[in-house]
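Enquirer: Need coordinates for the following:
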Amino acid sequence: EVQLVESGGGLAQAGGSLRLSCVVSGFTFEDYAIGWFRQAPGKEREGVSCIRSSDGSTYYADSVKGRFTISSDNAKNTVYLQMNSLKPEDTAVYYCVASFGYCTMMIKTTPDDYWGQGTQVTVSS
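Expert: Purely as a prediction, here's the structure:
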């Protein structure tokens, strides 16, 4: 059974930091690209970042470049999203997503992708 379990969300002040974790199981970690999406109330879902652990390639949305860093620990089957210089507009539910192969999720997700349950991030001004 495939599982993606996010943690690390919470409340932060503007300018602060949070680190999200996504522990995955049920598939070969290196065969998948793992990414983060977010959705704020009343807004469309947005691809935030993605990493392909097999070669270390990373991708970021323009809105988070220079502030967020994605990384992976292959030994722990875990992907992290370090979020610095947080802004109120970063407030959203953040979802971990797994897609076989490459970070094509940053362009379009597919029904074959796996999603976590989400973790709330709230940034106060």
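
Enquirer: Span of stretch 105-113 from start to end?
Expert: Taking Cα to Cα, to the nearest Å as the measure, stretch 105-113 stretches 8 Å from start to finish.

Enquirer: From here on, call the first residue 26.
Expert: Shifting the count to begin at 26 puts that one at stretch 130-138.

Enquirer: Now tell me what touches that stretch from outside.
Expert: Ala58, Gly60, Phe62, Gly72, Cys75, Tyr84, Ala86, Val122, Ala123, Ser124, Phe125, Thr129 (Cβ atoms under 8 Å, 6 or more residues apart in numbering). Using the backbone N, CA and C atoms, a C-beta is placed for each residue, glycine as well.

Enquirer: Arg70 is in contact with the third one, correct?
Expert: Yes. The criterion here is Cβ atoms under 8 Å, and Phe62 meets it with Arg70 at 5.5 Å.

Enquirer: more neighbours, those two?
Expert: The neighbour comparison of Phe62 against Arg70 (other Cβ atoms under 10 Å) goes to Phe62, with 24 against 14.

Enquirer: Return the backbone torsion pair for the more buried one.
Expert: In terms of degrees, to the nearest 10, the main-chain angles of Phe62 are phi -120, psi 160.

Enquirer: Across the sheet, point out what pairs with it.
Expert: In this entry, Phe62 is beta-bridged to Gly72, Tyr120, by DSSP bridges.

Enquirer: any idea how far Gly40 is from it?
Expert: Distance of Phe62 to Gly40, given as Cβ to Cβ, to the nearest Å: 24 Å.

Enquirer: ok, now which ones touch the residue lying closest to Leu111 once chain neighbours are set aside?
Expert: With sequence-adjacent residues excluded and distances taken as Cβ to Cβ, 6 or more residues apart in numbering, Leu111 is closest to Val148, at 4.6 Å. By Cβ under 8 Å, 6+ apart, the contact list for Val148 reads Leu36, Ala37, Gln38, Ala39, Gly41, Leu111, Lys112, Pro113, Glu114, Asp115, Thr116.
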